[in-house]
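**Q** From the sequence below, what's the structure:
(one chain, ligands or ions: 1)
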Amino acid sequence: MSGDKVIALRDVSLTYRSGWGRKRRQTLAVDGVSLTVQAGECLGLVGGSGSGKSTLAQIMTGQLAASAGEVRLWLREPGDAPRRAVVAPHPRDVAGHVGLVFQDPFSSFDPLWSLRRSIEEALMLKYGASTDPLGRGAHDFLGLVGLNPSFAARRPGGLSGGQVQRAAIARAIAINPDLLVLDEALSSLDVSVQANVLGLLARLRRELDLTIVFIGHNLAVVGAIADRVAVMASGQLVEIGPAAELYRSPRSEYTRQLIAAVPRLPGREPRPAVAGGASGC
Ligand SMILES: Nc1ncnc2c1ncn2[C@@H]1O[C@H](COP(=O)(O)OP(=O)(O)OP(=O)(O)O)[C@@H](O)[C@H]1O
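**A** Predicted coordinates:
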């Protein structure tokens, strides 16, 4: 980790407003959250359904504007220029700087486009060319995520969920993102494929020095890759700390309950080992 900050949230809240007249509703989805993410860090974000994780991710990536508080991102500039601070980021500020991977890999691709075209589209948007400044194109990024480069010609429909999720990761890292946000990216995959993709992410993180926000509801999966884990409940940050410490001695009752809910085998730690290799899945 370089020690540079990539994101700082200060007392951030977001209220959704929906409906009209007597059916008008307000939901305080994120309630006074403060946290920072350092360059090269992987921050895990866990919490039950509806705890505000996805909303917080959308605030961090400029897709939703906070109702209160301050959101600050530090984005890399070309060459050796110092990072540029952006307050209350707008999607146009983060375009080409933030890679996003969502739960359903198929919905994030155009079903009619080949993987090559989808990855080249991302490269064109960032660099105005179908390769990055190092000359790497779609084949190279597919290779980096352990997919045979011949997959470039294929459409997502003919691939498994795990393969398409790898392709989504390839597209996200092709732009050399300042921040990679994975929102429940493993949740739709079966357990052995999850372990493979987790191993892939751990490897890419080391090789590419990625800064990651990894969102999930399974504390075991999140704890297997995250340096620090933030626990959310009812829109609030109930606890944040180094992953191992949070497992050993959780401070909040809610975190204790989340840990207790992690399935474990007799005599085994609940924290799964990250799978090393990354073959096709
Ligand atoms: N577009 C929206 N309009 C109104 N309320 C919303 C909207 N999106 C989310 N919410 C509400 O905001 C709260 C937080 O939702 P959010 O999706 O951020 O939680 P989450 O922790 O990501 O949940 P999950 O794990 O189920 O995806 C929930 O009460 C949800 O119903």
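
**Q** What are the neighbouring residues in contact with the nearest residue to Gln58 once chain neighbours are set aside?
**A** The shortest distance from Gln58 to any residue that is not its chain neighbour, by C-beta to C-beta, 6 or more residues apart in numbering, is 4.2 Å, and that residue is Leu64. To be clear about C-beta, it is placed using only N, CA and C from the backbone, and glycine gets the same treatment. Listed by C-beta atoms under 8 Å, 6 or more residues apart in numbering, the contact partners of Leu64 are Leu14, Thr55, Gln58.

**Q** Now tabulate these in a markdown table and tack on distance to Arg84 and pLDDT.
**A** As requested, these are arranged in a markdown table below (distance: C-beta to C-beta, whole Å; pLDDT from 0 to 100):
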| residue | distance to Arg84 | pLDDT |
| --- | --- | --- |
| Leu14 | 24 | 98 |
| Thr55 | 25 | 97 |
| Gln58 | 21 | 94 |
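
**Q** Considering only those, which also neighbour the ligand?
**A** Residues shared between the contacts of Leu64 and the neighbourhood of the ligand are Thr55 [C-beta under 6 Å from any ligand atom].

**Q** Mind checking which of the contacts of Leu64 are in helices?
**A** Assignment to helices by DSSP state H places the following of the contacts of Leu64 there: Thr55, Gln58.

**Q** Go through the contacts of Leu64 and say which is closest to Glu253.
**A** Within the set of these, Thr55 lies nearest Glu253; the separation is 23.2 Å, counting by C-beta to C-beta.

**Q** if you skip the residues just before and after it, what's nearest to the closest one?
**A** Closest residue to Thr55 apart from its sequence neighbours, by C-beta to C-beta, 6+ apart: Ala29 at 4.2 Å.

**Q** is it true that the one you found touches Arg17?
**A** No - proximity of Ala29 to Arg17 does not meet the contact threshold set by C-beta atoms under 8 Å, at 10.8 Å.

**Q** Quick check on these two: which one has the bigger neighbour count.
**A** Applying other C-beta atoms under 10 Å to Ala29 and Arg17 shows that Ala29 carries more neighbours, namely 22 against 9.

**Q** In three-state terms, label Asp29 for me.
**A** Residue 29: Ala, not Asp. In three-state terms, and counting by DSSP: H, G, I helix; E, B strand; the rest coil, Ala29 is strand.

**Q** In contact with it, which residues?
**A** If a contact means C-beta under 8 Å, 6+ apart, then Ala29 has Leu14, Thr15, Tyr16, Gly52, Thr55, Gly235 as its contacts.

**Q** now do Ser114
**A** With C-beta under 8 Å, 6+ apart, Ser114 has these contacts: Ala152, Ala153, Arg154, Arg155.

**Q** If I look at it, what pLDDT would I see?
**A** Looking at Ser114, its pLDDT stands at 96.

**Q** And it, its phi and psi?
**A** The phi/psi pair for Ser114 (degrees, to the nearest 10) reads phi -70, psi 160.

**Q** what's the spacing between it and Phe151?
**A** As judged by C-beta to C-beta, to the nearest Å, Ser114 and Phe151 stand 9 Å apart.

**Q** For the stretch 151-281 of the chain, list the residues in contact with the ligand, please.
**A** Residues of the stretch 151-281 of the chain that fall close to the ligand, judged by C-beta under 6 Å from any ligand atom: His217.

**Q** Can you show me the helices along the stretch 151-281 of the chain?
**A** Along the stretch 151-281 of the chain, the segments classed as helices by DSSP state H, counting those that start in this stretch run 161-174, 191-208, 219-223, 243-248, 253-260.

**Q** want to try CSV for those helices, with mean neighbour count as columns?
**A** Formatted as CSV, the entries for these read as follows, by neighbours: other C-beta atoms under 10 Å:
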stretch, mean neighbour count
helix 161-174, 25
helix 191-208, 18
helix 219-223, 24
helix 243-248, 16
helix 253-260, 16
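
**Q** All set now, cheers.
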